[in-house]
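>>> A predicted structure for the sequence below; I have some questions about it.
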Amino acid sequence: MPQGVRCLFNVDEKPTVDKFVTKTTMQGVTGNRPFQWADLTREELFSIFVLPKQDKLSADVALGMSWFAVELGLGNQATTLLDRAFAGGVQVAPDEETALRREIAAIKAYETLRGKLTGDGAEALAGVVLWREQFAGTDFYVLMDGRAAKDEQVFKDDVIAKFLENLGYK
């Protein structure tokens, strides 16, 4: 869905398995516009169906959606959903909770790291090395780094340079 487009489901035309129609406003002009479900990204579907109703989700669904938010790289939303799950009384094995919290911490630290990648290259490099040390082995680390971590690779300059490049720092 294009950015800057505000959509609300029309009450007169119900969504079907293939498409939905919205009242869409673009550049001051309002009209009905059909969208195919298949055209939406997972992030857009998450923002349409999960985020507006996260306070009403059952504890078990909130826990599952927290993992989904992690998969999408949405640390703050994952935290909110996890808090909702615990508030609803969900029971989670300690190792599963630890793994989920570690993934969320990796995402949030990565977002913070991206925000600091301006100016001094040495500071950026130090931040990357620290992030890689702290979060090697998480699924999010593997996703961002492109492969599973091996202890002997953590400090290699070419690996860190590629990681910096993947972060958008040149």
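Structure's in. What do you need? Residues are numbered from 1 along each chain as shown.
>>> ok, Gly42 - contacts?
Not Gly; residue 42 is Arg. By C-beta atoms under 8 Å, 6 or more residues apart in numbering, the contact list for Arg42 reads Leu72. To be clear about C-beta, it is placed using only N, CA and C from the backbone, and glycine gets the same treatment.
>>> Look up how far Gly73 lies from it.
For Arg42, the distance to Gly73 equals 11 Å [C-beta to C-beta, to the nearest Å].
>>> How is this structure partitioned into domains?
1-40, 41-92, 106-166 (automatic domain parsing).
>>> which one of these is the most hemmed in?
Of all those, domain 41-92 has the most neighbours on average by mean count of other C-beta atoms under 10 Å, namely a mean of 17.
>>> which stretches of the protein form strands?
Using DSSP state E, the strands of the chain run over 6-9, 19-26, 29-36.
>>> Ignoring the adjacent residues along the chain, who's closest to Leu45?
Excluding the flanking residues, the one nearest Leu45 by C-beta to C-beta, 6 or more residues apart in numbering is Trp37, at 7.9 Å.
>>> who's in contact with Gly127?
113, 116-117.
>>> Many thanks, we can stop here.
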